[in-house]
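# Give the three-dimensional model of this entry:
(2 chains)
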Amino acid sequence: MSNLAIITDLNRCTGCLACTVACKAINGVDVGNFWIKTLRVGPHPIEGGSGTYPDVEMYFLPVQCQHCENPECVRVCPTEASHVAEDGTIQIDKDKCIGCQFCAMACPYGVRYLNQTERVVEKCTLCEQRTSQGELPQCVAQCGARARFFGDLDNGVENFEGPAHPDSPGCGYDDMTKTRVKLKDYVEAFTENDIHHLTDKGNAPKLMYLLREGRKWRE
Amino acid sequence: MEIQWPLILFTFFNCLAGGIFLMQGILTLAGKGKSMQLASCISAIVALAVGGLAVFFHLQHPLRMLNGFGHITSGITIELIAVIVFAIAVILYFLMMRRSEEGVAPKWCAVLAVIVSLLLPFLTGDSYLMSAIPVWDTMLLPLYYVVATVMLGGLAAMVIAAATKAEDAVKLSATVAFIGSLATLAVTLIYAVTISGMGEHFTEMEYYFDPTLPDVAMRQAEQVTAAIMVGEHAVAFWLGAIVVGCVVPAVLSFLAMSGKIAADRTMVLAIVALVCAIIGTLVWRVLLYEVAVNALIQFQWAL
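Residues are numbered from 1 along each chain as shown, chains lettered A, B, ... in the order given. Coordinates of the predicted model:
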């Protein structure tokens, strides 16, 4: 059993919303629904500063299903439609979903939506249709700032992978998407203390955010 | 979160059904209310059925509900089992009543009625306990459902007793309604005070912007914690949930309990008290949705 997750380098994220849009496009997400959305956190005054620009800081926060270790959505689901899959991700069996929406209420991150057409709850699948054949989740593949990296937590977060820098293959889009770069080789240095999770309400979120010293994590 | 009326009606009718059957159990144990047994059983089953019908308007695929037994420990499945057990207990009570030579269900049936009638609202409330919604994540929620059940049961039994001329049941029903109203008053007040002190259960980012909800203002925990007792919902709370919902039923049931109301007026008094209690309990249930804000306050539900 693997333990798939995503880490986002918030020092790199520019809030371009490419992840949000790419996810909607490839997964056919309903109008008004978002399997991943990008919040702007701040601007907050920097401690000891003047309180106004330029003494302010902010970051962008892409929020999606956190594929938790102890998922509340799975606990409350009456039919086991929401379940922990073999790869460690949380998935929904649409044929079992009764549309009670208790999972949406129980999720601390508000990332579950009712599909009005199919009348079942949906959310980020970590693009299992792509990852199961060796591809990256679309939000990782299309990240405009190369801030997102995908991998198996059992192999260490430093080995998470993203698409290579366009210059590295020195060629077109197809080659670039097939070439990977590791987190440890691509982003600026970081320590364990720079890795953050969204607030844990007992559900132990697995997705990670990288925000280095100098900027305050607000969660 | 948007107010989920089907769920509000479902929980309300569960409490009403539980209350009616609870009161019949108490009356049977006390050797009273013989002539209202059938009416109580029918009323309880009808209330349960209406509640069940209401929840069908919430579920998107209700016919898949039997899949519920796929996850036996989930709150909704336990709730479903409680509803089924309750219905079986009512039918059993009815059958044993018909079978009895005295025309009264045996005491063990009455004890069973009391137990299932208290379990039904408790388990209904318990299914809503989730850490993502601090305002619901307290044992005060199932406790409220239980005391509201006692209040609604006592008042509904007064109405049924008056309608079926079961005069021996009025005083005991009024006493239970009075105790239930006071207990509901106390639990509602304690619950409201508890909510006002829940600030630390929320995580705030202070300044944030969600581009998917550009017209929704930033929220702060104080807007939730102060909303009920002194904020935007204060009038609905004090007037609706407390005065109309608890004080009026308590006063009216006290009048009936102390025999200060003529027997022929009991019906009118009981109906007024029951309607007030229903208004109050619905107002409180709506308010619990109004303040059901995510613990991570910047993350809005899609519901």
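
# Show me the helices in chain A, by range?
A:18-27, A:72-76, A:102-106, A:128-131, A:138-141, A:173-178, A:183-186 (DSSP state H).

# mind showing which ranges of the chain have poor pLDDT?
The chain I'm using is chain A. In the predicted model, chain A carries pLDDT under 70 at residues A:168-171.

# I was thinking of chain B, sorry if that wasn't clear
For chain B (pLDDT under 70), the answer is B:67-68, B:301-303.

# which helix in it runs the most residues?
Per DSSP H, chain B has its longest helix at helix B:167-196.

# Following that helix in sequence, what is the next regular element?
Using DSSP states H and E, the next helix or strand after helix B:167-196 towards the C-terminus is strand B:208-209.

# Contacts for the helix or strand following that next one, please.
Counting by DSSP H and E, the next helix or strand C-terminal to strand B:208-209 is helix B:221-225. Helix B:221-225 is contacted from outside by B:135, B:195-199, B:201-202, B:204, B:231, B:291, B:293, B:297, using C-beta atoms under 8 Å, 6 or more residues apart in numbering or on different chains. No exception for glycine: its C-beta is placed from N, CA and C like everyone else's.

# Just the buried ones from those?
B:135, B:195-196, B:198, B:201-202, B:204, B:291, B:293, B:297 (16 or more other C-beta atoms under 10 Å in any protein chain shown).

# State which one residue of chain B is found closest to chain A.
For chain B and chain A, the shortest gap (C-beta to the nearest C-beta) falls at B:Gln60, measuring 2.4 Å.

# which residues does that residue contact?
With contacts defined as C-beta under 8 Å, 6+ apart, the neighbours of B:Gln60 are A:97-101, A:114, A:119-120.

# The same query, at a cut-off of 7 Å, please.
A:98-99, A:119-120 (C-beta atoms under 7 Å, 6 or more residues apart in numbering or on different chains).

# tell me the contacts of whichever residue of chain A sits closest to chain B?
Here chain A gets closest to chain B at one residue, A:Gly99, 2.4 Å apart by C-beta to the nearest C-beta. By C-beta under 7 Å, 6+ apart, A:Gly99 lies in contact with A:114, A:119-121, B:59-61.

# for B:Ser173, same thing?
By C-beta under 7 Å, 6+ apart, B:Ser173 lies in contact with B:23, B:154, B:157-158, B:161.

# Now it. Nearest residue, chain neighbours left out?
B:Ala157 (3.8 Å; C-beta to C-beta, 6 or more residues apart in numbering or on different chains).

# For the one you found, grab phi and psi.
For B:Ala157, the backbone dihedrals are phi -70, psi -30 (criterion: degrees, to the nearest 10).

# my guess is it meets B:Met23, correct?
Yes - the pair B:Ala157 and B:Met23 qualifies as a contact (C-beta atoms under 7 Å) at a distance of 3.7 Å.

# Now the longest helix of chain B: buried residues?
Neighbour-count burial for helix B:167-196 [16+ other C-beta under 10 Å]: B:168-185, B:187-188, B:191-192, B:195-196.

# ditto for stretch A:4-19
Across stretch A:4-19, burial judged by 16+ other C-beta under 10 Å covers A:4-13, A:15, A:17-19.

# How far away from the center of its chain is it?
7 Å (C-alpha atoms, centre = their mean, to the nearest Å).

# Show residues contacting it.
Here stretch A:4-19 has contacts from A:36, A:38, A:40, A:59-62, A:67, A:87-89, A:126, A:131, A:137, A:139-140, A:142-150, A:152-153, A:157, A:160, A:183, A:187-188, A:206-212, B:211, using C-beta under 7 Å, 6+ apart.

# Could you find the closest non-adjacent residue to B:Ala270?
B:Met158 (3.6 Å).

# what does B:Leu255 give?
According to C-beta to C-beta, 6+ apart, the nearest residue to B:Leu255 is B:Ile261 (4.9 Å).

# Burial check on residue 210, number of neighbours?
All of this refers to chain A. Residues within reach of A:Leu210, counting by other C-beta atoms under 10 Å in any protein chain shown, total 21.

# that's the wrong chain, I meant chain B
19.

# what's the answer for B:His61, then?
When neighbours are counted by other C-beta under 10 Å, B:His61 comes out with 19.

# what sits against it?
A:97-99, A:119.

# which among the residues you listed gets closest to B:Met36?
In terms of C-beta to C-beta, no member of those lies closer to B:Met36 than A:Ile98, at 37.1 Å.

# who's in contact with that closest one?
So A:Ile98 contacts A:78-79, B:59-62, B:64-65, B:67 (C-beta under 7 Å, 6+ apart).

# Return the members of the residues you listed classed as buried.
A:78-79, B:59-61, B:64-65, B:67.

# can you list those in TSV and add distance to A:Leu198?
Formatted as TSV, the buried ones among the contacts of A:Ile98 follow (distance: C-beta to C-beta, whole Å):
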residue	distance to A:Leu198
A:Pro78	26
A:Thr79	27
B:Leu59	29
B:Gln60	28
B:His61	30
B:Arg64	31
B:Met65	32
B:Asn67	30
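
# Select from those residues every entry located in strands.
Judged by DSSP state E, strands contain none of the buried ones among the contacts of A:Ile98.

# Just to check, B:Gln37 is in contact with B:Gln24?
Yes - B:Gln37 lies in contact with B:Gln24 (C-beta under 7 Å); the separation is 6.3 Å.

# where does chain B come near chain A, residue by residue?
Counting by C-beta under 7 Å from any C-beta of the partner chain, chain B comes close to chain A at B:58-62, B:64-65, B:67-68, B:70-71, B:74-77, B:130-133, B:203, B:205-212, B:294-296, B:298-303.

# Count the residues that sit near residue 32.
You didn't pick a chain, so chain A it is. Using other C-beta under 10 Å, the number of residues around A:Gly32 comes to 9.

# right idea, wrong chain: chain B
Counted with other C-beta under 10 Å, B:Lys32 comes out at 21.

# so who does the residue of chain A positioned farthest from its centre touch?
The outermost residue of chain A, judged against the average C-alpha position, is A:Ser50 (34.0 Å), by C-alpha atoms, centre = their mean. Not one residue lies near A:Ser50 by C-beta under 7 Å, 6+ apart.

# And for A:Arg119?
By C-beta under 7 Å, 6+ apart, A:Arg119 lies in contact with A:99, B:60-61.

# which of the residues you listed lies closest to A:Glu219?
Minimum distance to A:Glu219 across these is 30.2 Å, recorded for A:Gly99 (C-beta to C-beta).

# Look up how far A:Pro108 lies from the closest one.
Going from A:Gly99 to A:Pro108 by C-beta to C-beta, to the nearest Å gives 21 Å.

# A:Arg215 is in contact with A:Val56, isn't it?
No - in this structure A:Arg215 lies outside contact range of A:Val56 using C-beta under 7 Å: 11.0 Å.

# how about the helices in the stretch 201-303 of chain B?
Secondary structure of the stretch 201-303 of chain B (DSSP state H, counting those that start in this stretch): helices at B:221-225, B:234-235, B:248-257, B:266-290.

# can those helices go into JSON lines with extra columns for mean neighbour count?
Below are the helices of the stretch 201-303 of chain B laid out as JSON lines (neighbours: other C-beta atoms under 10 Å in any protein chain shown):
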{"stretch": "helix B:221-225", "mean neighbour count": "19"}
{"stretch": "helix B:234-235", "mean neighbour count": "11"}
{"stretch": "helix B:248-257", "mean neighbour count": "22"}
{"stretch": "helix B:266-290", "mean neighbour count": "21"}
